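Engineer: My questions are about this predicted structure, shown below with the sequence.
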Amino acid sequence: MGGDAWVAEAAALRRLADLDLRTLHTDLLAVHGPQGWWWPAQDRFEMMAGAVLVQNTRWQNVEMSLDRLRAADLLRPSLLRAVPEEDLRALIRPSGFMRAKAAALRALAAWTEEREAEVPGLSDGELRAELLALRGIGPETADVIGLYGYRRPAFIADAYARRLLTARGFAVPRSYEAARRALAPALAEAGLAVADLAELHGLIVEEGKRSQGARPAGGG
């Protein structure tokens, strides 16, 4: 493609700041139906553990790891942070990257015990910063935990979302964090309730699963 043609094509792409998230939600809801709260978990800590374990693997593997943690009665922060790390690695083996994920789970468990009582007083940005400071918690995982664990507004700009928006003619940055920043004006403009944002992520994943096959690995 010649230089002039490339410039013309790039100029034709729409800005993510102009995305109407309410319309996107309505469109996907009409196709896939209600998704509800969507993230599968029995309680908040299990949800957060799942968000760590799904990094770079598929949800089916996470389910096996969570079942093993549940059977060992380790889906409680006080007990998980006290278990020997070698034992924890063995339990979460189905999810892969056992060394890194065991360390991340222990850090998350310690933070939950020490800081969770303070979370209601934290702004959305402060909570995200604290999560990002934890070992093994990247931008996508922090936003997933904020949204599904603590009901803080976020648009999960994961691989499915970036592919969907690219297909709809938007100029989408390749990285999660750059896409999140580009989407911030659209998120503020939409004013969607947390429940709608949680459902929207589920709808985007469902759209991606139907068009591209099984759910891809989670991000960082």
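Structural biologist: Sure thing, it's come through.
Engineer: Just the residues contacting stretch 179-199, thanks.
Structural biologist: Contacts with stretch 179-199, where a contact means CB atoms under 8 Å, 6 or more residues apart in numbering, come from 15-22, 25, 29, 34-39, 139, 143, 147-148, 151-155, 157, 161-162, 172-173, 200. From N, CA and C alone the C-beta is placed, and that goes for glycine too.
Engineer: before we move on, what about stretch 65-78?
Structural biologist: Residues contacting stretch 65-78 (CB under 8 Å, 6+ apart): 42-43, 45-46, 49-50, 53, 79-80, 83, 88, 91-95, 108-110, 112-113.
Engineer: re earlier: drop anything exposed from the contacts of stretch 179-199.
Structural biologist: Buried residues within those, counting neighbours by 16 or more other CB atoms under 10 Å: 16, 19, 21, 25, 35, 38-39, 139, 143, 147-148, 152-155, 157, 161-162, 172, 200.
Engineer: What are the structural domain limits within this structure?
Structural biologist: 15-35+155-212, 44-150 (automatic domain parsing).
Engineer: If you average the pLDDT over the shortest one, what comes out?
Structural biologist: Same thing as domain 15-35+155-212. In this model, domain 15-35+155-212 has a mean pLDDT of 95.
Engineer: Renumber starting at 748 from here on
Structural biologist: From this message on, residue numbering opens at 748, which makes the last subject domain 762-782+902-959.
Engineer: for it, the distance to its chain's centre please.
Structural biologist: With CA atoms, centre = their mean, to the nearest Å as the basis, domain 762-782+902-959 stands 12 Å off its chain's centre.
Engineer: any idea whether the spatially most central residue of the chain is helix, strand or coil?
Structural biologist: In the chain, the residue lying closest to the centroid (CA atoms, centre = their mean) is residue 891, at 3.4 Å. Look at residue 891: counting by DSSP: H, G, I helix; E, B strand; the rest coil, its state is helix.
Engineer: quick one: contacts for the closest residue to it other than its chain neighbours?
Structural biologist: The shortest distance from residue 891 to any residue other than its chain neighbours is 4.7 Å, reached at residue 798 (CB to CB, 6 or more residues apart in numbering). Going by CB under 8 Å, 6+ apart, residue 798 touches 888, 891, 892, 895, 896, 965.
Engineer: same thing with residue 851?
Structural biologist: So residue 851 contacts 799, 881, 882, 883, 884 (CB under 8 Å, 6+ apart).
Engineer: and it, that's in a helix?
Structural biologist: Yes: membership of residue 851 in a helix is supported by three-state DSSP.
Engineer: Show the pLDDT at it.
Structural biologist: pLDDT, residue 851: 97.
Engineer: I'd like the distance between it and residue 802.
Structural biologist: In this view, residue 851 and residue 802 are 8 Å apart by CB to CB, to the nearest Å.
Engineer: overlap in contacts of the two?
Structural biologist: residue 883.
Engineer: one step back: check which element follows the helix or strand encompassing the residue nearest to residue 891 along the chain.
Structural biologist: Using DSSP states H and E, residue 798 sits within helix 791-800. Downstream of helix 791-800, the first helix or strand assigned by DSSP H and E is helix 806-818.
Engineer: immediately after that following helix, which helix or strand?
Structural biologist: Following helix 806-818 in sequence, per DSSP H and E, is helix 824-827.
Engineer: This completes my enquiry, with thanks.
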